[in-house]
Every structure is written in C-alpha cells, then in structure tokens.
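Trainee: can't give you the sequence, but here's the structure:
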RNA sequence: GGGCCAUUAGCUCAGCUGGUAGAGCACCUGACUUUUAAUCAGGGUGUCCCAGGUUCGAGACCUGGAUGGCUCACCA
C-alpha cells in the first residue's frame, strides 16, 4: 500500500485518460463546484423543478453510452440521479471529452431537469466539469463489495458502494449528536479528561501502555473516564458527562474492539435509581429522535424501548434462568457446592458474590433480550459502588441489558474515602493473587474523596453496542469505521 | 491463545478423481441520439495468499506460515 506498484491494465487505462484530458487542456482534478441540489431533492421536487436548470455534483456510478447520447448515474451524499448527455446539447468537444470519463470519477453537471421516455427523472446536461478523476476501478455495480477484509481495511470503498454501511455511520453520528443534545438540555456539561494517565483506573481491565520521552516514564491509555469525572463532582461541577474513546488491552471479538467509545454521566445528589430513569429515557428518546420509533427491530425481533424498563435483582434473575436460589444460600461453601452442581469451573477461594456473578454471566446475560435493569451486583466486582444498606455483600449497582448485551452500567457512587480505600486494598489482594484486571490503587482519587464528594449517581453506556442495537448490526466492526486489524502490506 | 472455515482476474464467484485456469460485471476496440444489470460484434487482462514438499505433472494433495471470518477462552 505504501509503495508504487506496477499498474494493472485498468489503472493504466485511467492514467492514460487523465493525461489525455490534460493534453486537451482539461484539468482532471477540477476546482470547487457548487451544486444547487442534492440528487434526492431533484427527484422529490420534480414537479417544481421540471424544465429548470440545476447543478449536481458527485461520483459517476454507471455509464451507458449510445453513440451520440450517453446516460450515467451520478451518486452524491444523499443518493443517485441520472444525467443525460446529448451531442447536440453539449457540443462535439464536450461530448468527446466525456468519453474519457470513468466510473468512479467525480463530476459536476449543469442542465435542465426532465423525465425520460421510460419515466426516470434526469438532468439533461449542457455543461459539465471534471472534479476528480478516479485512478482505481470501483467494485462491481451489481454484487458490490463483500470481502469483509477490504470492507474494513478500505472503508472508503465500502462507503462508496454499500449504501447500508453509509446509513449505519450516518445514524451513528446522529445517535451521538442526539445524545449530546439531550444531555445538554438536561443540564449536563460535557467534559474532557485525560486519555494518557499514570494510573489507569475506573474499570476492571488491562490497559495499553505507552511511553513519554521527555518525562521518561510509562503512561497508560485510559480504560474508563470514571475517576476523573468524579473528581469533578468533588470540585463542584454537579452534572457532567464525557463521550470519549477508551482503550482496553483485551481480546477482539464481534462485540469487542480494543478502542471503543463510552458515555459516562455523573449527577450529584442523585443515586443509581436516578440513573435508571435517565438511562431508559435517554435511550428511548434517542431512538425516537433518530429512528422515529421506540420499537426497534433487532435481528428480526422487535425490542420495545418504551420506559419504564423492568427492574430485577441479580438473585432473582439467576433463580429464574438457572433454578438456583441464592436467597436460600448463605455461605461461600454452599455457593461453591451450587456452582459445582451447575457444572461451573470452581476455583478455591471464590466467595458467595463471585459465584452469584458467575451464575449470572453463565446462565442469564444472553437471555436478557428485552430491556431490563439488573440490580444488586456483588461487591467483589463493584469496587466503586456503595454497599447495599442491610446487605454488605451487594452494592447499589445495576446493569442495563438489551438484546443479551450489557448496554449500561451504573451505581450509587461510593463517596466514603475510608470504604473506598478498603475496596482498593481488596482489589490489590486480587491483583497480587494474579488477577491483572483487578483495580489499581489511586491515592489521589482517595484524596479527592477526602475533600468530600456529594452523593451521586454515575452511569456508563457503551456507545458502540448501543449503535449496534439501534442499527441492527451484530458485529462491532460494522459500527466502527476503522476497526482494529492486523496490518497488511501486500494489498495494493 | 485453541478449534473450524476461507483466500483463484479490478469486483462477485466457478474450477470434478492431480493434466497446466474460467464465467458475469468491469475494462479495451468498433457500432448505436431517451438508455437503465442498455444492446450488438470482437478481445482474457492472473504472484490461483506465501514458502517448502509429494508427483512426470499441483489452483487442487501434504507440511509450515500470513491475513480474515465464525467460535471457545477473556472482557464491555
């Protein structure tokens, strides 16, 4: 890709045409061009535009030449429109020069709108301009581009020829834009916190490590925005959010990309129930605004996002899907036996909470298709959440599930610095036992809590998965423009 | 990281039991002034992913490797 390769015939032909244009005094890479209408506007407003002169600009996607008349389809941002060139209309010189056009070239065209004998709304061109010559051929018009490797590596080609792909990424942009607008309207401020960090905290995950030359030190790419946003609550910025890229050094799958986008929201003087209402209202309103409905179709099944979503405790959910009732299990030993009986791989030292969570992951998560908030997460996996009053094994935390995927994660934020230090210390014990995803100690965060953090609800939403759900895509690579792939050098 | 599958022309794909590579579109030449998967006549443009091996002969069989997809493990 980096180096010049011998040109194949198709590319050589296009270069020859480019040179021929130049020798005729025509610049193949032309100047700016003002289109009066998008293709779709001309079609929609045909009644008033018929016989009117319009200008259009875009990429030629098909050409049908009939000697002294030529039809072609011009594709712009919105869609396609047919253009018609007639020898008498454009004159011999322009007509001859149009013979050097290729599928893929950008052109601007001016002419009157009319309807052909076969009924297609068309621009009868009397003047056109070369805007950019395409030196490489596009994939075939009929079957398009299917090779997923090329689709991901050369997304620009995918976007040109696969209409639904363009739709998905336009919708992704609208989803995020709508999210911002709603949160701003609700009085939240968008913040930007460090991506390069000396301590990568706020989640249980392995970070990417990088290096700063001048400071001569390791830096970590953030795995969450959580701990910095909560420092802002300490500072008195009551309602904040951040939409940003985070990085986790984990495996890649249809639902995992090493870099992905999260939304985190923190609201002072609130709790996790506030966040439940916020979550269901936010997602419902996004669906309404972007897609005009709160009932989406995902993989052929309808999912109703209308609030309120049911709330169920993890103990209840585990009981429902595995038949094991943790409300009747008290000790770690009983839980261990239950896990063994259920065929789970049990390591020594697992606690009641660990095992409850294993049951949940193993038997429940993928069953949670319609929206549901699962509450009552074990403290072992929730080092930043407040304990549940009356049951110190559990926390005031929920996760929102839709389509079998975790979409949201929220808790009543732990703001007791003494408790927070103990939690970090428990995580350190896990880390020393070999769990390199356990949370690291963050002294400055504890210092911040010691200054006092108001009670707060905090929420994280995985934007990529939300986009997958709302756009009906089952691979995260189909909602990330340039997903992480191994490099290749043998593509031309 | 493990398992399974895929990789052949610019694109989408076929290629049998091992006999020296094909189709459609695209492209090139010519014809054609309302076509639309335009049509008609002619033209095959190739590192069969890479490197070894078996064989008289490999796109095909064997070994190793690369990249991708799915999946398991891990995670969100």
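Mentor: Cool, the structure landed. Computed from a prediction, not measured in an experiment: that's the story for all the values here. Numbering: from 1, shown residues only, chains lettered A, B, ... in the order given.
Trainee: can you confirm residue A:410 is in a strand?
Mentor: Yes - using DSSP: H, G, I helix; E, B strand; the rest coil, the assignment for residue A:410 is a strand.
Trainee: Pull up the gap between it and residue A:174, please.
Mentor: Separation of residue A:410 from residue A:174 (C-beta to C-beta, to the nearest Å): 24 Å. For glycine as for every other residue, the C-beta is placed from the backbone atoms N, C-alpha and C.
Trainee: do stretch A:18-35 and RNA strand B meet at all?
Mentor: No - applying C-beta under 7 Å from any atom of the strand, one finds stretch A:18-35 separated from RNA strand B by no less than 10.0 Å.
Trainee: hang on, residue A:106 packs against residue A:74?
Mentor: No - between residue A:106 and residue A:74 there is no contact under C-beta atoms under 8 Å: 9.2 Å.
Trainee: More neighbours: those two, which one.
Mentor: residue A:74 (26 against 21; other C-beta atoms under 10 Å).
Trainee: so the closest residue to the more buried one other than its chain neighbours is in which element?
Mentor: Leaving aside its sequence neighbours, residue A:74 sits nearest to residue A:58 (C-beta to C-beta, 6 or more residues apart in numbering; 4.4 Å). Residue A:58 is located in strand A:53-65, with elements delineated by DSSP states H and E.
Trainee: Packing partners of that strand?
Mentor: helix A:39-44, strand A:69-75, strand A:80-86, strand A:106-115, strand A:121-132 (3 or more C-beta pairs under 8 Å, 6 or more residues apart in numbering; DSSP states H and E).
Trainee: Could you check the third one against RNA strand B for contacts?
Mentor: Right, the one you point to is strand A:80-86. Yes - Strand A:80-86 lies within reach of RNA strand B by C-beta under 7 Å from any atom of the strand, at A:82, A:84, A:86.
Trainee: And for residue A:15, the neighbour number?
Mentor: For residue A:15, using other C-beta under 10 Å, the count is 13.
Trainee: any idea how far it is from residue A:362?
Mentor: Note on residue A:15: its distance to residue A:362, by C-beta to C-beta, is 59 Å.
Trainee: Ok, residue A:137 next?
Mentor: According to C-beta to C-beta, residue A:137 and residue A:362 sit 50 Å apart.
Trainee: More neighbours: these two, which one.
Mentor: Per other C-beta under 10 Å, whichever of residue A:137 and residue A:362 has more neighbours is residue A:362, with 17 against 14.
Trainee: isn't that one right next to residue A:339, touching?
Mentor: No - in terms of C-beta under 8 Å, residue A:362 does not count as a neighbour of residue A:339; the distance is 9.3 Å.
Trainee: What count of nearby residues applies to residue A:388?
Mentor: 19.
Trainee: number of nearby residues for the nearest residue to residue A:417 once chain neighbours are set aside?
Mentor: Nearest non-adjacent residue to residue A:417, counting by C-beta to C-beta, 6+ apart: residue A:449, 3.7 Å away. Applying other C-beta under 10 Å, we find 22 residues neighbouring residue A:449.
Trainee: Let me know whether residue A:449 touches residue A:233 as I believe.
Mentor: No - with contact defined as C-beta under 8 Å, residue A:449 does not count as touching residue A:233 (9.9 Å).
Trainee: More neighbours: which of residue A:410 and residue A:174?
Mentor: Remark: of residue A:410 and residue A:174, residue A:410 carries more neighbours, 29 against 16, as counted by other C-beta under 10 Å.
Trainee: Who are the contact partners of the more buried one?
Mentor: A:272, A:275-276, A:279, A:397-400, A:457-460 (C-beta atoms under 8 Å, 6 or more residues apart in numbering).
Trainee: how does it look with 10 Å?
Mentor: Residue A:410 makes contacts with A:264-266, A:271-276, A:278-279, A:373, A:375, A:385, A:396-400, A:457-461, as judged by C-beta atoms under 10 Å, 6 or more residues apart in numbering.
Trainee: can you tell me which of the residues you listed are up against RNA strand B?
Mentor: Filtering the contacts of residue A:410 for proximity to RNA strand B (criterion: C-beta under 7 Å from any atom of the strand) leaves nothing.
Trainee: Among those residues, name the ones in helices.
Mentor: Per DSSP state H, helices hold the following members of the contacts of residue A:410: A:272-276, A:278-279.
Trainee: Return the member of those nearest to residue A:128.
Mentor: If you rank these by distance to residue A:128 using C-beta to C-beta, residue A:279 comes first, at 51.8 Å.
Trainee: Run a quick check on the closest one versus residue A:265, I expect a contact.
Mentor: Yes - in this structure, residue A:279 is within contact of residue A:265 by C-beta atoms under 10 Å, at 8.9 Å.
Trainee: Next, show the common contact partners of those two.
Mentor: By C-beta under 10 Å, 6+ apart, the residues touching both residue A:279 and residue A:265 are A:408, A:410, A:459, A:461.
Trainee: can you pull up the bridge partners for the third one?
Mentor: Think residue A:459. Beta-bridge partners of residue A:459, counted by DSSP bridges, are residue A:265, residue A:410.
Trainee: Show me which residues of the stretch 351-492 of chain A sit near RNA strand B.
Mentor: A:405-406, A:409, A:437, A:462, A:464-465, A:475-477, A:483, A:485-486, A:488, A:490.
Trainee: which stretches of the stretch 351-492 of chain A have low pLDDT?
Mentor: A:489-492 (pLDDT under 70).
Trainee: all strands in it, in order from the N-terminus.
Mentor: Remark: strands assigned in the stretch 351-492 of chain A by DSSP state E, counting those that start in this stretch are A:372-378, A:387-388, A:391-402, A:405-412, A:456-462.
Trainee: partners of the shortest one, with directions?
Mentor: Strand A:387-388 has these partner strands in its sheet, going by DSSP bridges: strand A:391-402 (antiparallel).
Trainee: Go through the strand it pairs with and flag the buried ones.
Mentor: A:393-402 (16 or more other C-beta atoms under 10 Å).
Trainee: Which residue is the nearest non-sequential neighbour of residue A:71?
Mentor: Using C-beta to C-beta, 6+ apart and skipping residues adjacent in sequence, the residue nearest residue A:71 is residue A:64, 4.4 Å away.
Trainee: pretty sure that neighbour is touching residue A:120, no?
Mentor: No - using C-beta under 10 Å, residue A:64 makes no contact with residue A:120, being 11.7 Å away.
Trainee: Overlap of the contact sets of residue A:106 and residue A:74?
Mentor: Shared contacts of residue A:106 and residue A:74, counting by C-beta under 10 Å, 6+ apart, come down to A:57-60.
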